[in-house]
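Participant: how would this look folded up:
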Amino acid sequence: MMTTTRSNHYRMLKVFVIAGVLGLWSADLAVAQHGVSVRHPRRGQVVRVLPRGHTNVTVHGVRYHAVGGTFYRPHAHGFVVVAPPVGARVAVLPRGAVRVTRAAVAYYLHNNVHYRPVITNGTTVFVVARL
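Facilitator: Numbers count the residues shown, from 1 in each chain. Sure thing, here's the model as predicted:
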């Protein structure tokens, strides 16, 4: 009988953890969908250490570090935040990006940068576009 109670306890704990994760995810999604402002480092800001999860991106022969739609270049005192380079491909849009239409073409706009969705090998990626 003790095993059944312990089993039920773990089952309920699992349900609460899953519900909590889904609740946080849906709240984050709601914030992004409703255009609530999300803080991003401003261009020109210098950081000493790159954020966790950054990736190396090379665009037109220039190397950048990117995370969450923010691009960095090496600087004497660390890394400086720069505008996303035209032609850069990102797998995920920055939080807070909104869909806009320009000349009957759908783009996503974030921080005055337009991202054009492109399907590559069956997967949608977003390319920084110049309008």
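Participant: Okay, domains of the protein per the record?
Facilitator: Following automatic domain parsing, one finds the domains of the chain at 1-35, 46-129.
Participant: Name the stretch among those domains that sits most buried.
Facilitator: domain 46-129 (a mean of 14; mean count of other Cβ atoms under 10 Å). C-beta here means a position set from N, CA and C on the backbone, and glycine is covered the same way.
Participant: before we move on, back to that, which of the domains of the chain has the lowest average pLDDT?
Facilitator: Of all the domains of the chain, the minimum mean pLDDT falls on domain 1-35 (a mean of 47).
Participant: Contacts for stretch 48-57, please.
Facilitator: 63-68, 70-72, 77-79, 88-89 (Cβ atoms under 8 Å, 6 or more residues apart in numbering).
Participant: Show me which of those residues is closest to residue 95.
Facilitator: residue 68 (6.8 Å; Cβ to Cβ).
Participant: Skipping adjacent residues, who's closest to that closest one in space?
Facilitator: Leaving aside its chain neighbours, residue 68 sits nearest to residue 94 (5.8 Å; criterion: Cβ to Cβ, 6 or more residues apart in numbering).
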